[in-house]
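> Whatever this is, show me its structure:
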Amino acid sequence: MKSISTNLRIDFFYSILLLILFLNFSNCKKETETNEDLVTLLGLNIYARSCAGQNTFPSNGTVGSLIRYQIQPSITSTAITSDNNPHHVYPPLSSVTKKNILSVFYPGTGSSPCEIGAILQQGASRGYHVIGLSYPNSEAVNSICNQGAARNDASCFENLRNEVVTGSQVSSYVSVDGNNSIEGRLLSLLLYLSRTYPNDGWDGFLTGGAINWPSVYVGGHSQGSGHAAFHGKLRNVGRVSIYSGVSDYSLQSASIPSWFSNAQVAPAGSYYGLIHENDTVANFSGNASQVTDVWLNQFGMTGALTNTNTGAPFGNSKRLVTTACNGMGTAVLHSCPMTNGFQTIWNYISYP
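As a prediction, this is how the structure comes out:
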């Protein structure tokens, strides 16, 4: 009876969520457009319910021709006791040439690796070792740093991201130690994978028990995009992929944080990004060019702002925008770059 009750609560929650989303997105639409939106939202609802089950009962298996491991962080280290949604791990597709590069992707606020499965699978199908990393991400960075005492703390954004990424005890607004940080969890996972699946080649991303950063690409969506961008300021990662971010902005000082201009350790030209042109979540300030201006001026992402409908190679620009999902709600526009249909664009940004 307990499991049935839990399932009913999950079904009820996502049914209510679907209804709210549909009512929000269906105003002022033609009938055909409304029907298309309903199909999209039904898909999102089914996917969310699937992820709720997978996060509760993780298992290993296959997705098409790919192998997928779902690994709870607590299994990789006894020091990890919270934020235990499973990592999603994909060895390279066996029938393609291995890239010998590890792609690590950080989900957005409140999201789990399950919800970004499509982009993870695309990387594995291209020959990359791929990890969707589960990490502490329950609160939005802009929410934390624009409330209470944090509003007047110019270092809030940088220190918060530093603590989440490295575990350095520098933030007054989050509590993440080294074991539970992004880097700590990634190291524990790689050590676990090397022991458990020795033939997959995970040990190739370790040197002397530490992560070999030049052989690692990092990327993320929303909050995760900010952690990826921050990571490129700290480590010599091979590539940084930014989706729907980075949105850090102080309402108190009406300014972007200073960490955006910190020296970059990742190679010059290694940052690439994609955002929906009407993404008001990422453009937190209300300036529609907030994010893409930061890409150019602080992250050195060169090239004209280029719509993805121009097709590859997108004028060799590192700053891409999309108009897909237009006419749908705020949350869908923000998540749009993570949905199926962007595979060619993901190849350009994340998986060359």
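
> Just to check, residue 188 is in contact with residue 179?
Yes - using CB atoms under 8 Å, residue 188 makes contact with residue 179 at a distance of 7.2 Å. C-beta: built from backbone N, CA, C; applies to glycine.

> between those two, who's got more neighbours?
Set side by side, residue 188 and residue 179 show more neighbours around residue 188, with 21 against 18, by other CB atoms under 10 Å.

> OK, contacts around the more buried one?
Residues counted as contacts of residue 188 (CB atoms under 8 Å, 6 or more residues apart in numbering) are 73, 76-77, 80, 179.

> which stretches of the chain form helices?
2-25, 31-56, 73-76, 117-125, 141-145, 156-166, 182-196, 223-234, 290-297, 330-335, 343-349 (DSSP state H).

> Compare these and say which comes out lowest on pLDDT.
Summarising mean pLDDT across the helices of the chain, the least confident stretch is helix 2-25, with a mean of 38.

> circling back: need the residues touching each of residue 188 and residue 179.
With CB under 8 Å, 6+ apart, residue 188 and residue 179 have common neighbours 77, 80.

> For residue 284, give its distance to residue 132.
Distance of residue 284 to residue 132, given as CB to CB, to the nearest Å: 25 Å.

> again, but for residue 193
Following CB to CB, the distance that separates residue 193 from residue 132 is 13 Å.

> quick one: common contacting residues for those two?
Common neighbours of residue 193 and residue 132 (CB under 8 Å, 6+ apart) are residue 89.

> Now do the contacts for residue 196.
Neighbour list for residue 196: empty [criterion: CB under 8 Å, 6+ apart].

> Could you give the number of residues near the residue lying closest to residue 233 once chain neighbours are set aside?
Using CB to CB, 6 or more residues apart in numbering and skipping residues adjacent in sequence, the residue nearest residue 233 is residue 262, 4.8 Å away. Neighbours of residue 262 under the rule other CB under 10 Å: 14.

> Just the buried residues of stretch 165-178, please?
Neighbour-count burial for stretch 165-178, counted by 16 or more other CB atoms under 10 Å, picks out 165-167, 171, 173-174, 176.

> I'd like to know which of those residues is nearest to residue 107.
Distance from residue 107 was checked for each of the buried residues of stretch 165-178 by CB to CB. The minimum falls on residue 165, at 14.3 Å.

> gap between that closest one and residue 270?
Going from residue 165 to residue 270 by CB to CB gives 17 Å.

> mind listing what residue 210 touches?
Taking CB under 8 Å, 6+ apart as the definition of contact, the neighbours of residue 210 are residue 187.

> Go again with 10 Å.
When contacts are counted by CB atoms under 10 Å, 6 or more residues apart in numbering, residue 210 touches 183, 187, 190.

> hey, what's it bridged with?
According to DSSP bridges, residue 207 are recorded as the beta-bridge partners of residue 210.

> Look up how far residue 140 lies from it.
On the measure of CB to CB, residue 210 and residue 140 end up 31 Å apart.

> so residue 279 makes contact with residue 326?
No - the criterion here is CB atoms under 10 Å, and residue 279 misses it with residue 326 at 11.2 Å.

> Which one's more surrounded, these two?
Residue environment comparison for residue 279 versus residue 326 gives the larger neighbour count to residue 279, 26 against 12, counting by other CB under 10 Å.

> And the more buried one, its phi and psi?
Reported as degrees, to the nearest 10, the phi and psi values for residue 279 are phi -80, psi 100.

> For it, which residues are in contact?
With CB under 10 Å, 6+ apart as the criterion, the residues that contact residue 279 are 222, 244-245, 247, 288, 290-292, 321-322, 325, 330, 333-337.

> Buried subset of these, written for PyMOL?
Only the buried entries of the contacts of residue 279 go into this PyMOL selection, using 16+ other CB under 10 Å:
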select buried, resi 222+244+245+247+290+291+292+321+322+325+333+334+335+336+337
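
> Read off the pLDDT value for the residue lying closest to residue 146 once chain neighbours are set aside.
Closest residue in space to residue 146, ignoring its immediate chain neighbours: residue 251 at 5.0 Å, by CB to CB, 6+ apart. With respect to pLDDT, residue 251 has a value of 97.

> Buried residues in stretch 54-62, which are they?
Judged by neighbour count (16+ other CB under 10 Å), stretch 54-62 contains these buried residues: 54-55, 58.

> One more: stretch 252-272?
Neighbour-count burial for stretch 252-272, with 16+ other CB under 10 Å as criterion, is recorded at 256-257, 259-260, 264, 266, 270-272.

> try stretch 305-319
By neighbour count, with 16+ other CB under 10 Å as the criterion, the buried positions of stretch 305-319 are 305-308, 314, 317-319.

> Mind checking which of those residues are in strands?
By the criterion of DSSP state E, membership of these in strands covers 306-307, 319.

> so which of the contacts of residue 188 comes closest to residue 92?
The shortest distance between residue 92 and any of these, using CB to CB, involves residue 76 and amounts to 20.7 Å.

> residue contacts, that closest one?
For residue 76, the contacting residues are 87, 179, 184-193, 195-196, by CB under 10 Å, 6+ apart.

> Dump those residues to a markdown table, plus distance to residue 206.
Formatted as a markdown table, the contacts of residue 76 follow (distance: CB to CB, whole Å):
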| residue | distance to residue 206 |
| --- | --- |
| 87 | 16 |
| 179 | 17 |
| 184 | 14 |
| 185 | 14 |
| 186 | 10 |
| 187 | 8 |
| 188 | 11 |
| 189 | 11 |
| 190 | 6 |
| 191 | 7 |
| 192 | 11 |
| 193 | 10 |
| 195 | 11 |
| 196 | 14 |
